[in-house]
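1. Sequence plus the predicted model coming up.
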Amino acid sequence: MTKSEIPIMPQFFDRYINLADNMLIIDALTQGASFENLLPAKTLEALGDLRYAPDKWTVKDILQHIIDNERIMSYRAMRFARNDQTALPGYDEELFGRNTNAIHRTIADLYEEYAAVRQSTIALFKSFDEDMLLRSGFAFNQTISVLALGFVLVGHATHHVNIIRERYLPLLT
C-alpha cells in the first residue's frame, strides 16, 4: 500500500508523512534502511559533539532519537495491526534524550543499530496484509493507522537528516 492510501491523515504527524515519497510502504522503508548514503559516517564523526545552538542535541543524540522513535512507532504499529484497541501514551523525547549514552557511542555504532532496527521494522511491515495496514488505534491523543505509522517512520528519519544537513553540516565550514 502507498502513502496515498492512508485512510485518515493524522495531525502533527502529517509533517513527517508528507516528506515520504508516494510508494509502497516496504519500498519506502527499504529506501531509508541506511544512513551512510545520505550522511557519510566520516562526515558526522568530524562534527564530534558540536551543537548548532545551546541546549540542542548532538548528531549522535539525533541518531539515537531516530532509533528510539523507530522502536516506539513499530511497537505501536504491531499493537494496532493485531487489533489491540488499547489507547497508547505518547513519550517524552526530551526525557529519552537526557537518558541515553549516545555521547559515548560512535557514529558507526549508531548506524549499525539503526540498520538493525530498520530491518526489524521492514520484516514487521512485510508481515502485515492490507487489512492490518488499514487498522487504526489511538495514540498521542488521536487515531492513526498502521500504514500512517509506517510512513511516519520514513518521514521522521528524513526530517532529521534534513536538520543535520541544514544546521549541523555548516558547522564544518
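-> Great, that's in hand.
2. Return the distance of Thr89 relative to Phe138.
-> To be clear, residue 89 is Pro; Thr isn't right here. As defined by C-beta to C-beta, to the nearest Å, Pro89 lies at a distance of 10 Å from Phe138. C-betas here are computed from N, CA, C, even on glycine.
3. so Ile26 makes contact with Ile122?
-> Yes - the pair formed by Ile26 and Ile122 meets the contact definition of C-beta atoms under 8 Å, at 6.5 Å.
4. More neighbours: those two, which one.
-> Shown here are Ile26 and Ile122; by other C-beta atoms under 10 Å, Ile122 has more neighbours (18 against 14).
5. what does the model give the spatially most central residue of the chain for pLDDT?
-> For the chain, the residue nearest the mean C-alpha position is Leu153 (3.8 Å; C-alpha atoms, centre = their mean). pLDDT recorded at Leu153 is 98.
6. just Asn37 next, same as before
-> Looking at Asn37, its pLDDT stands at 85.
7. neighbours of it, just the number please.
-> 9.
8. how about it, secondary structure?
-> Reduced to three states with DSSP: H, G, I helix; E, B strand; the rest coil, the structure at Asn37 is coil.
9. Check which helices and strands the helix ranked longest in the chain sits against.
-> Using DSSP state H to define each element, the chain has its longest helix at helix 59-81. Applying 3 or more C-beta pairs under 8 Å, 6 or more residues apart in numbering; DSSP states H and E, one finds that helix 59-81 contacts helix 41-47, helix 93-98, helix 107-126, strand 136-139, strand 142-145, helix 146-163.
10. again, only using 6 Å
-> Helices and strands touching helix 59-81, by 3 or more C-beta pairs under 6 Å, 6 or more residues apart in numbering; DSSP states H and E, are helix 107-126, helix 146-163.
11. And the contacts of that helix?
-> Under the contact criterion C-beta atoms under 6 Å, 6 or more residues apart in numbering, helix 59-81 has outside partners 44, 47, 88, 91, 96-97, 100, 102, 110, 113-114, 117, 121, 124, 128, 132, 135, 137, 139, 146, 149, 152-153, 156-157, 160, 164, 168.
12. List the buried residues in that helix.
-> 59-70, 72-74, 76-81 (16 or more other C-beta atoms under 10 Å).
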